[in-house]
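K.L.:
Fold the following and give me the result.
(one chain, ligands or ions: 2)
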Amino acid sequence: MTATTPLTADQATTDSDTLVDVRHLKMYFPIRRGMIIERVVGHVHAVDDITFQVKRGETLGLVGESGCGKSTTGRAVLQIYKPTAGEVYFAGREISHLTGNDLRAYRRNMQMIFQDPFASLDPRMTVGGIVAEPLEIHNLARGKEKEEKVREMLRIVGLNPYFANRYPHEFSGGQRQRIGVGAPSRSSRSSSCAMSPSARSTCRFRRRSSTCSKSCKRSTT
Ligand SMILES: Nc1ncnc2c1ncn2[C@@H]1O[C@H](COP(=O)(O)OP(=O)(O)OP(=O)(O)O)[C@@H](O)[C@H]1O
Ligand SMILES: [Mg+2]
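P.N.:
Ligands and ions are numbered 1, 2, ... in the order given. Take a look at the predicted model:
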């Protein structure tokens, strides 16, 4: 099945306004024991039968104590983890079975925004390289056009475009968060979804992400 395959009746979600539709999602991790011969002695039920929908333009907050499965939910929705069970629809299309190019095409429209910039930005890459990476992976721009898009993205998230040659450690914590928002958003198409799972998602960070996303939305429409 390719990214443009028409939906069958049972694939279509009931509401065309629904961008992300997660149904009965489960993610179990095996618990292994044994030094030489490893065997599975049980499973961590990190996500156990979660169902939710996100409509276009809507923001959904997933709140819960540490270890309750917020990040795992985000990763399973993005197919970074293959869910143990359940269905994930994006813009009406069931995506949990996608692989290879089909999965890459879908990932252009969904991204994780990590709150911890130290964990998410490669310290050996310049900020320009980090922001350009999604453009290269998804073949969205090359050469001069790519450089211009990188500068535009830095401007949109409130950074000086001439900072493109700097490394992540040369920015403040808040500026690094904005780089994290800018890098994935650059690949946005008509329908996109950003996930920022964190127990410490502060109001300031949420406001900043939301402002940046709105600017990105304006710039891509
Ligand atoms: N790759 C993995 N392998 C095994 N167990 C995992 C894995 N990832 C997460 N877990 C376990 O799944 C549970 C949920 O973890 P998760 O990271 O989703 O929690 P969280 O709600 O995001 O927590 P926090 O608020 O602390 O970030 C935890 O018990 C964790 O130990
Ligand atoms: Mg987490």
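
K.L.:
What residues sit buried inside stretch 90-101?
P.N.:
90-91, 93-96, 98 (16 or more other Cβ atoms under 10 Å). Just so you know, the C-beta spots here come from the backbone N, C-alpha and C atoms, and that holds for glycine as well.

K.L.:
In strands only, show me those.
P.N.:
90, 93-94 (DSSP state E).

K.L.:
coming back round to it: distance to residue 67 and pLDDT added to the buried residues of stretch 90-101, as a markdown table?
P.N.:
Output for those, formatted as a markdown table (distance: Cβ to Cβ, whole Å; pLDDT from 0 to 100):
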| residue | distance to residue 67 | pLDDT |
| --- | --- | --- |
| 90 | 27 | 90 |
| 91 | 31 | 87 |
| 93 | 31 | 89 |
| 94 | 29 | 92 |
| 95 | 26 | 90 |
| 96 | 24 | 85 |
| 98 | 29 | 87 |
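
K.L.:
what pairs with the residue nearest to the spatial centre of the chain across the strands?
P.N.:
By Cα atoms, centre = their mean, the chain has its centre lying nearest to residue 111, at 1.8 Å. Bridge pairing for residue 111 (DSSP bridges) gives the partners residue 194.

K.L.:
Against ligand 1, how distant is it?
P.N.:
Per Cβ to the nearest ligand atom, to the nearest Å, residue 111 is found 17 Å from ligand 1.

K.L.:
same thing with residue 165?
P.N.:
33 Å.

K.L.:
count of residues packed around that residue?
P.N.:
10 (other Cβ atoms under 10 Å).
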